[in-house]
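1. no letters, just coordinates:
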């Protein structure tokens, strides 16, 4: 054994070396024992402490998981797995449309059918008659005055009683009195009066 | 060969035989027989699967659902299972992928929804409180605190380190198995495990140191 090897073996193992050694042992990728550990009690103790810590970690983790999965829960889980498997393998069920074993008794009688038919016929006849009257009315000859108004360009003839009829004598007197009363009105209102159309004014 | 290894080897052979039988029954259309035979595989891997799912998800109900989904998915895709890989490894890969998908979905959900606060004792549901018959309340409290610290420290590990640590240390998988499960190189698995332990020691040491400082302050004040 060389001097360097002796020095290496005599030096204490650091944390990384201990973890590396433990990793090799756990994975089965390295030697089961280290020569230094066989001689050095402190390092052996530290390695044992590391192994013990890791064992505690594993025991805690396993215990915690097992607490969540007691035997009853595992049994229920297994049952659920097989229920689901059975459901996935079962062919899809086709639900038939509900059919009646015997025909439903008809509640409608012959009389009600006749009533419905006569109502429908009446409606159709009514609509047809209405359309016929409307058509006749539109085809009938128009009155002469309306026809003349429609055909000539002359202004419409004012019929008797029109609002634009010329005032008679009494009304003329009334309007003159009205004008006289306005002429007595204050000067401020006269300008306004000039703008206001008069009933007797032609063409306004 | 140790007893555990021999049992593991025997278990793997049994798994392989059961998986092949289920596959053949499925092909023949004997679904009821296939399910009956598959129950053997479920029974053998259910507890381990529940542990792994719980370690990933940290929630009993969600882990339960993840395990159910993984077993159903494995059954439905058993035709694609190749015997060169142990059933355990193939199934665990399905389970871990499912758990990682759930974690991603949860992260997305938690961006929008405020999580429900846990009860004063840490349970989400009154039904989860089981009458204690073993350790004293003080021991239970200490153990719970220790587990919470460990869970916090584990959650601060990068995902690959956490996976490697949980699979190799909690589940006792060899580097080859972890490699097959995670798709990492065997030497990378070793490096991840080494780093995970170092970081956990540091994180738990920090937690311990922080608590000691708080205790000291309490005593001096």
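-> Happy to help now that I have it. Not measured: the values here are computed from a predicted model.

2. please make it C-alpha for all contacts and neighbour counts, starting now.
-> Will do.

3. next one: phi and psi at residue A:186?
-> phi -60, psi 160 (degrees, to the nearest 10).

4. how about the helices in the chain?
-> You didn't say which chain, so I picked chain A. A:3-10, A:15-27, A:35-39, A:41-68, A:71-89, A:110-139, A:144-151, A:169-183, A:187-195 (DSSP state H).

5. can you look at chain B instead?
-> Under DSSP H, chain B gives helices at B:3-28, B:31-57, B:60-76, B:87-110, B:137-155, B:159-165, B:175-182, B:186-220.

6. so which of those is nearest residue A:128?
-> Closest of the helices of chain B to residue A:128 is helix B:87-110, at 68.5 Å (criterion: CA to CA).

7. so which bits of that closest one are buried?
-> Residues B:87-96, B:98-100, B:102 are the ones in helix B:87-110 that count as buried (16 or more other CA atoms under 10 Å in any protein chain shown).

8. mind putting those residues in JSON lines, distance to residue B:185 included?
-> Shown next, in JSON lines, are the buried residues of helix B:87-110 (distance: CA to CA, whole Å):
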{"residue": "B:87", "distance to residue B:185": "20"}
{"residue": "B:88", "distance to residue B:185": "19"}
{"residue": "B:89", "distance to residue B:185": "15"}
{"residue": "B:90", "distance to residue B:185": "17"}
{"residue": "B:91", "distance to residue B:185": "20"}
{"residue": "B:92", "distance to residue B:185": "18"}
{"residue": "B:93", "distance to residue B:185": "16"}
{"residue": "B:94", "distance to residue B:185": "19"}
{"residue": "B:95", "distance to residue B:185": "20"}
{"residue": "B:96", "distance to residue B:185": "18"}
{"residue": "B:98", "distance to residue B:185": "22"}
{"residue": "B:99", "distance to residue B:185": "22"}
{"residue": "B:100", "distance to residue B:185": "20"}
{"residue": "B:102", "distance to residue B:185": "25"}
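
9. just to revisit the earlier point, could the helices of chain B go into TSV alongside mean pLDDT and distance to residue A:131?
-> Shown next, in TSV, are those (pLDDT from 0 to 100; distance: least, CA to CA, whole Å):
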stretch	mean pLDDT	distance to residue A:131
helix B:3-28	75	77
helix B:31-57	91	75
helix B:60-76	93	74
helix B:87-110	90	69
helix B:137-155	82	87
helix B:159-165	90	86
helix B:175-182	87	87
helix B:186-220	74	95
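
10. near chain B, which residues of chain A?
-> Counting by CA under 8 Å from any CA of the partner chain, the residues of chain A lying close to chain B are A:16, A:19-20, A:23-24, A:26-29, A:57-58, A:60-62, A:64-66, A:68-69, A:74, A:77-78, A:80-82, A:84-85, A:89.

11. can you say which of those residues are buried?
-> Using 16+ other CA under 10 Å as the burial test, the residues of chain A next to chain B include A:19-20, A:23-24, A:26-27, A:29, A:57-58, A:60-62, A:64-66, A:68-69, A:74, A:77-78, A:81-82, A:85 as buried.

12. mind checking the end-to-end distance for stretch B:149-166?
-> This stretch, stretch B:149-166, spans 16 Å end to end (CA to CA, to the nearest Å).
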